[in-house]
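K.L.:
Pasting a predicted model and its sequence here:
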Amino acid sequence: HGTVESTADLVGKHIVITAGGTREPLDPVRFLGNRSSGKQGVALAEAALARGASVTLIAANLEVAAPASVELRLVGTALELEAAVTEAAAGADAVIMAAAVADYRPLLVQDDKIKKDDTGDTLLLELTRNPDILAGLAQAHRPGQVLIGFAAETETDPVRLVALGRAKMARKGCDFLVVNRVGWAEGFASDRNAITVLDHAGDIVCEASGTKLSVAGRILDLII
Ligand code: CTP
Ligand code: CA
């Protein structure tokens, strides 16, 4: 943890933050998941609390502890996260979608453990698309509410990275999109992050790097 902003500029504001990564069950003992640790989402919650906001944290399989004073909603799958965030967003001043949401889930969830003797040397999984939760929130368009999405990309070229972010913004229609590079060694488990934030028009409004807590502060500044 670094220093947390001490200004109380979010007093009276209700901020909903999704964090972590969804897990999509295959059978009672297995899931498809991703490497999101939830650290950036939790850092956003800590920074928002320190600035006086009330925070609802919708947590999907966090690898780190949630701050004590958030209203905590635990979810597992993308569909559970969608239900929780849609409900919480109704009265929120800002919604930050930091969670890594599975794009697909297994079409069929087996009631019993899948046995390898029934499947042979290869196993083909049929997946179906999950709803795009962020795009759905943007479509609902609550006036006065700030909607922030994240874009995790493995692109290494900074120009192409921003181009990917702009294309993603056009698909999502949120107010701000936080573009960050992820890879085998960067992004997820790390305590640091480097971000480029685009506004609705695709213009760069913020570039920041540092601890996830300091980056969180820069993201919250956009809400102000
Ligand atoms: N997101 C979402 N619902 C999904 C997938 C993603 O709400 N089913 C949100 C994420 O929480 C994030 C943003 O959309 O805030 C971008 O997620 P990302 O995976 O980078 O973008 P996708 O649109 O899923 O595109 P792709 O994975 O193909 O790059
Ligand atoms: Ca995705």
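P.N.:
Perfect, thanks for sending it. Ligands and ions are numbered 1, 2, ... in the order given.
K.L.:
which helices and strands does the longest helix anywhere in the chain pack with?
P.N.:
Assignment by DSSP state H gives helix 158-172 as the longest helix of the chain. The contact analysis (3 or more C-beta pairs under 8 Å, 6 or more residues apart in numbering; DSSP states H and E) places helix 158-172 against helix 133-140, strand 146-153, strand 176-181, strand 192-199. Placement of C-beta: from N, CA and C, glycine included.
K.L.:
Any chance of a markdown table for the ones you listed, columns mean neighbour count and distance to ligand 1?
P.N.:
Listed next are the helices and strands packed on helix 158-172 as a markdown table, based on neighbours: other C-beta atoms under 10 Å; distance: least, C-beta to the nearest ligand atom, whole Å:
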| stretch | mean neighbour count | distance to ligand 1 |
| --- | --- | --- |
| helix 133-140 | 18 | 3 |
| strand 146-153 | 22 | 4 |
| strand 176-181 | 24 | 8 |
| strand 192-199 | 20 | 12 |
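K.L.:
Can you tell me which of these is nearest to residue 123?
P.N.:
Residue 123 lies closest to strand 146-153 among these, at 26.8 Å (C-beta to C-beta).
K.L.:
and the direction of the closest one versus that of strand 192-199, what angle?
P.N.:
Orientation check (axes from the mean of the first three to the mean of the last three C-alpha atoms, to 10 degrees): strand 146-153 against strand 192-199 gives 120 degrees.
K.L.:
could you say what helices and strands strand 146-153 packs with?
P.N.:
Counting by 3+ C-beta pairs under 8 Å, 6+ apart, strand 146-153 packs on strand 94-97, helix 133-140, helix 158-172, strand 176-181, helix 212-223.
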